[in-house]
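Colleague: task: produce atomic coordinates for the following.
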Amino acid sequence: MSPHFPLTPPLSPPFGAASLRLSAAQAALAPGGRGGWTGGAWILAGALLLAHPAHAQTESPNQALKRVEQELQADKQRQQQLERKSQAQQKELDELRAQLIGLADQSRAQERDLDALEESLTALEAEEHDRAGRLDTERQQIASLLGALQRLARVPPEAVLARPDGPVDTLRSALLLRDTVPALRARADALAAALTALSDTREKLVAQRAKALSTRVALAAKQGEMARLVARREELSRQTEEERVQVAQRMGALAGQATDLRQLMERLEAERRAAAEAAAKREAERREAERREAERRLAEQREAERKLAARKEAERKEAERKLAEIRAAEQKAAALQAAEDQRAREAAAKEAAREAAEKALAARRSAPAPDAAGRADGLPAVAGLTLPAGGRLTTRYGETDRFGATSRGLTVQTRAGATVVAPQSGSIMFAGPFKGYGLILIVEHGNGYHSLIAGLGRIDTAVGKRVASGEPVAVMPADGSPDLYFELRRNGQPINPQRGFGAPEGKGQG
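Modeller: Numbering: from 1, shown residues only. From the prediction side, this is the model:
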């Protein structure tokens, strides 16, 4: 935290109204007095001094002026200190922004690792369930055979000879027992091996659960650290602003007070030096001032009329130019929209065929592999920008979304509470709720590009703020599997975000 510099005590109300009392004193000393320092003027000056209940008994106007000038000088020095402090805080703010970008990258990587661990846990749990089921079935069968063997073993040889069964049946039972015992031994060995494999699977499951738990804890710690840095960033942005405004207001008030006191003292001194000729001199000065003021006002009026006429002419020309640009832009937009709709339909057909081919290829592979850009989160590579959040791509540009409309952007299913970052550096144009879209962000990137991000749970920035590429700006909702909608526009027209910022105007719809 920065050291606290206490402000000088605020102005007292009597000095804040010094201009009113000065006007009264000037009125008493005006030419209407005709006698310089009359008794009424002295009475009014004394009343002016008595109007300061906090200072009139301890300091004269000269002392008050010196005190005010000293306070004004102290406030100027404080303002310079605030400027230096603001520069240092700006440097710290830039460092915080760089740290936030790094933490956001680490958080996204941990989210991808956690997704992979959870998928591995699901597979291990299914394997454990399957192995346990097979072992239960095998155990029941072996138990039945062992029971039969135990029953046969309990019959003595004499009883076998005395049984009513014939010799052929007795021989058949003996042969059956001879063949069954090795098979039971093999099945028992296989059962022991399966139990060992089940134990190994459970150990892996325990290890994976512990790893997933540690990854969740680390992810929560990163998100907490990012929240702390975001709060620190906002605190630094406004830390000295209030104090700077207070110092500026105080300096303005002190400057006005010093001017009032200085004018009063100068006027009193001038009246004392020139009491005899004050009336004639003031009359001449007044007339000259009125003449000059009349000439100045006339000149200002003529200049204002000339500027008004020039401004109206410029506004007329500008309105004509804008009207022509609007008409040309409307014609161009209509043509681009028609071409864009055709390209979107063609792109949707191509994308459907491509997805069918990818599904057939994925079915022949034993394990998923990173896509062509080497991304492990399944999202397509995007040239020139960073996707706002990691997750599973559910709807691409030009496809039919769940509402039956043609999608003008990308829909990504993210983790609950996932970090949302700026896809490219720019300025925040809009941040907040909008109609039925919930919380949305609109970022202006320059060269006619704008990003629209919707489906957010919390926004950590404000309108007018500058953000860097990859800087955290929001957080997804904290429950369920939220959907993030990302739309990229150029000159007001949606383009395919998978083409990135390098796509020519009107050519990013494929």
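
Colleague: who does the stretch of helix or strand residue 246 belongs to touch, helix- and strand-wise?
Modeller: Following DSSP states H and E, one finds residue 246 within helix 241-273. Here helix 241-273 touches helix 13-16, helix 18-28, helix 61-153, going by 3 or more Cβ pairs under 8 Å, 6 or more residues apart in numbering; DSSP states H and E. (Glycine included, C-beta is placed from N, CA and C.)

Colleague: flag the shaky bits of this protein, pLDDT-wise.
Modeller: 1-57, 148, 151-178, 237, 239, 355-385, 502-510 (pLDDT under 70).

Colleague: what's the domain layout of it?
Modeller: Taking automatic domain parsing as the reference, the chain has its domains at 101-238, 392-502.

Colleague: turn the ones you listed into CSV, columns for distance to residue 315 and mean neighbour count.
Modeller: Shown next, in CSV, are the domains of the chain (distance: least, Cβ to Cβ, whole Å; neighbours: other Cβ atoms under 10 Å):
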stretch, distance to residue 315, mean neighbour count
domain 101-238, 37, 13
domain 392-502, 25, 18
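
Colleague: list the residues that contact the nearest residue to residue 215 once chain neighbours are set aside.
Modeller: Distances taken as Cβ to Cβ, 6 or more residues apart in numbering put residue 114 closest to residue 215, at 4.9 Å, once the chain neighbours are dropped. Counting by Cβ atoms under 8 Å, 6 or more residues apart in numbering, residue 114 touches 212, 215, 216, 219, 415.

Colleague: ramachandran coordinates for the last one?
Modeller: For residue 415, the backbone dihedrals are phi -80, psi 160 (criterion: degrees, to the nearest 10).

Colleague: these two touch, right, it and residue 118?
Modeller: No: the criterion here is Cβ atoms under 8 Å, and residue 415 misses it with residue 118 at 9.6 Å.

Colleague: hmm, back to that, can you add distance to residue 87 and give the domains of the chain back as TSV?
Modeller: Compiled in TSV, the domains of the chain are given as follows (distance: least, Cβ to Cβ, whole Å):
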stretch	distance to residue 87
domain 101-238	12
domain 392-502	17
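
Colleague: over to residue 432. Which of the three states is it?
Modeller: strand (DSSP: H, G, I helix; E, B strand; the rest coil).

Colleague: just checking, it touches residue 438?
Modeller: No: here residue 432 lies out of contact with residue 438, judged by Cβ under 8 Å, at a distance of 9.8 Å.

Colleague: so residue 452 lies in a strand, does it not?
Modeller: Yes: per three-state DSSP, residue 452 lies within a strand segment.

Colleague: got a list of what it touches?
Modeller: By Cβ under 8 Å, 6+ apart, the contact set of residue 452 is 409, 440, 441, 442, 485, 486, 487, 488, 489.

Colleague: after the strand or helix carrying the fifth one comes which helix or strand?
Modeller: According to DSSP H and E, residue 485 maps onto strand 483-490. Sequence-wise, the next helix or strand beyond strand 483-490 is strand 493-495, with elements assigned using DSSP H and E.

Colleague: please name every helix or strand in contact with that next one.
Modeller: Against strand 493-495 (3+ Cβ pairs under 8 Å, 6+ apart) you get helix 278-364, strand 483-490.

Colleague: contact partners for the closest residue to residue 110 other than its chain neighbours?
Modeller: Once flanking residues are discounted, residue 110 sits nearest to residue 219: 4.6 Å by Cβ to Cβ, 6+ apart. By Cβ under 8 Å, 6+ apart, the residues touching residue 219 are 107, 110, 111, 114.

Colleague: would you agree the third one is in contact with residue 415?
Modeller: Put plainly, it is residue 111. Yes: with contact defined as Cβ under 8 Å, residue 111 reaches residue 415; the gap is 5.4 Å.

Colleague: between the two, what contacts are shared?
Modeller: Residues touching both residue 111 and residue 415 by Cβ under 8 Å, 6+ apart: residue 390.

Colleague: alpha carbons only: can I get stretch 202-220 in PDB?
Modeller: The C-alpha coordinates for stretch 202-220 follow below in PDB (Å, rounded to 0.1, in the frame of the first residue of the first chain):
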ATOM      1  CA  ARG A 202      -7.900 -49.800  -8.300                       C
ATOM      2  CA  GLU A 203      -4.400 -48.500  -7.300                       C
ATOM      3  CA  LYS A 204      -4.300 -46.600 -10.600                       C
ATOM      4  CA  LEU A 205      -7.800 -45.300  -9.900                       C
ATOM      5  CA  VAL A 206      -6.800 -44.100  -6.400                       C
ATOM      6  CA  ALA A 207      -3.600 -42.400  -7.900                       C
ATOM      7  CA  GLN A 208      -5.600 -40.700 -10.700                       C
ATOM      8  CA  ARG A 209      -8.200 -39.500  -8.200                       C
ATOM      9  CA  ALA A 210      -5.500 -38.000  -6.000                       C
ATOM     10  CA  LYS A 211      -3.900 -36.400  -9.000                       C
ATOM     11  CA  ALA A 212      -7.200 -35.000 -10.100                       C
ATOM     12  CA  LEU A 213      -7.800 -33.600  -6.600                       C
ATOM     13  CA  SER A 214      -4.400 -31.900  -6.500                       C
ATOM     14  CA  THR A 215      -5.000 -30.500 -10.000                       C
ATOM     15  CA  ARG A 216      -8.400 -29.100  -8.800                       C
ATOM     16  CA  VAL A 217      -6.800 -27.600  -5.700                       C
ATOM     17  CA  ALA A 218      -4.000 -26.000  -7.900                       C
ATOM     18  CA  LEU A 219      -6.600 -24.700 -10.300                       C
ATOM     19  CA  ALA A 220      -8.600 -23.200  -7.500                       C
END
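
Colleague: and that stretch, how far out from the chain's middle?
Modeller: Relative to the centre of its chain, stretch 202-220 is centred 30 Å away, using Cα atoms, centre = their mean, to the nearest Å.

Colleague: and the gap between residue 233 and residue 461?
Modeller: Counting by Cβ to Cβ, to the nearest Å, the gap from residue 233 to residue 461 is 9 Å.

Colleague: next one: residue 391
Modeller: In terms of Cβ to Cβ, residue 391 sits 21 Å off from residue 461.

Colleague: repeat for residue 66
Modeller: 48 Å.

Colleague: so where does the residue nearest to residue 110 fall, helix or strand?
Modeller: Element membership of residue 219 [criterion: DSSP H and E] is helix 167-238.

Colleague: relative to the whole chain's centre, how far out is that helix?
Modeller: Centre-to-centre, helix 167-238 and its host chain are 41 Å apart (Cα atoms, centre = their mean).

Colleague: cool, stretch 454-472 as well?
Modeller: Its chain's C-alpha centre and that of stretch 454-472 lie 2 Å apart, by Cα atoms, centre = their mean.

Colleague: CA atoms only: put that stretch into CSV for me.
Modeller: As requested, the backbone C-alpha atoms of stretch 454-472 are provided in CSV (Å, rounded to 0.1, in the frame of the first residue of the first chain):
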residue,chain,number,x,y,z
ALA,A,454,-21.6,-13.9,-24.3
GLY,A,455,-22.6,-16.4,-21.6
LEU,A,456,-20.5,-15.0,-18.8
GLY,A,457,-20.9,-15.4,-15.1
ARG,A,458,-18.9,-12.4,-14.0
ILE,A,459,-17.1,-9.5,-15.7
ASP,A,460,-13.8,-8.3,-14.3
THR,A,461,-13.2,-5.2,-16.5
ALA,A,462,-15.0,-1.9,-17.4
VAL,A,463,-15.9,0.2,-20.4
GLY,A,464,-13.0,2.2,-21.7
LYS,A,465,-10.3,-0.1,-20.2
ARG,A,466,-7.4,-1.2,-22.5
VAL,A,467,-6.8,-5.0,-22.4
ALA,A,468,-3.9,-7.1,-23.8
SER,A,469,-4.2,-10.3,-25.8
GLY,A,470,-4.8,-13.2,-23.3
GLU,A,471,-5.6,-10.8,-20.4
PRO,A,472,-8.4,-12.2,-18.0
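
Colleague: my reading is that residue 442 lies in a strand. Confirm?
Modeller: Yes: under three-state DSSP, residue 442 falls within a strand.

Colleague: that'll do, ta.
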